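1. What follows is a predicted protein model with its sequence.
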Amino acid sequence: MIRREWQAAAIAGAVLLAACGGGAGSGAAGGGDAGAGAGTSTTIVGLDTMKFNPETITVKAGAPVKITFRNAGMLPHDLVTEGGTRNAKLVNLGAGKEQAGTFMAPKPGTYAIICTQPGHREAGMVGKIIVE
Ligand SMILES: [Cu+2]
């Protein structure tokens, strides 16, 4: 009985090792997938310095991109995209609030991200979506 359990443990160990080996391999391949995934989902932070961070994101034409906007400031900020066939309109976000929306543009080009709070766009709270 004891011997049988030991054998079972040894087999389970071998299976684990094999699984680990396979996992490492697919993990390396998954790195490329993660890169592609970053293009379909991104987070942009709004700051009281009247900046978006990052200020520029690059996405693929014809693919919907989920944009999560987080207001990291004390002032109200929002994020609105312009020019896409689908635009994110993440408005009325108080301090620390977060909201997600979708942007999509069928053609390559440069599209605008703005904060629509009074004076913020003029103060430089703008960003860019580069569609390629
Ligand atoms: Cu703002």
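-> The structure has been received and is ready for your questions.

2. From G119, how far off is the closest residue to A100 other than its chain neighbours?
-> Spatial nearest neighbour of A100, excluding adjacent residues (C-beta to C-beta, 6 or more residues apart in numbering): T68 at 4.3 Å. Any C-beta I mention is one placed from the backbone N, CA and C, and that applies to glycine too. Computed as C-beta to C-beta, to the nearest Å, the T68 to G119 distance reads 24 Å.

3. Those two: who's more crowded?
-> T68 (16 against 9; other C-beta atoms under 10 Å).

4. My read is that P106 contacts G62, right?
-> Yes - in this structure, P106 is within contact of G62 by C-beta atoms under 8 Å, at 5.2 Å.

5. looking at this structure, which helix or strand does the model trust least?
-> helix 2-38 (a mean of 41; mean pLDDT, DSSP states H and E).

6. hey, C-alpha coordinates of the very next helix or strand once past that helix in PDB?
-> Under the assignment DSSP states H and E, the closest C-terminal helix or strand after helix 2-38 is strand 41-47. C-alpha atoms of strand 41-47 as PDB (Å, rounded to 0.1, in the frame of the first residue of the first chain):
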ATOM      1  CA  SER A  41      -7.500  46.500 -24.200                       C
ATOM      2  CA  THR A  42      -5.700  49.400 -22.600                       C
ATOM      3  CA  THR A  43      -5.900  51.600 -19.500                       C
ATOM      4  CA  ILE A  44      -5.400  55.400 -19.600                       C
ATOM      5  CA  VAL A  45      -5.100  57.500 -16.400                       C
ATOM      6  CA  GLY A  46      -6.200  61.100 -16.000                       C
ATOM      7  CA  LEU A  47      -4.100  63.400 -14.000                       C
END
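
7. which neighbours does the following helix or strand past strand 41-47 have in its sheet, and in what orientation?
-> Next helix or strand after strand 41-47 toward the C-terminus (DSSP H and E): strand 51-53. Sheet pairing of strand 51-53 (DSSP bridges) gives strand 41-47 (antiparallel).

8. Residue numbers of this protein in contact with the ion?
-> Neighbours of the ion within the chain, by C-beta under 5 Å from the ion: 77, 115, 117, 120, 125.

9. Secondary structure class of the third one, three-state.
-> The three-state label for Q117, taken from DSSP: H, G, I helix; E, B strand; the rest coil, comes out as coil.
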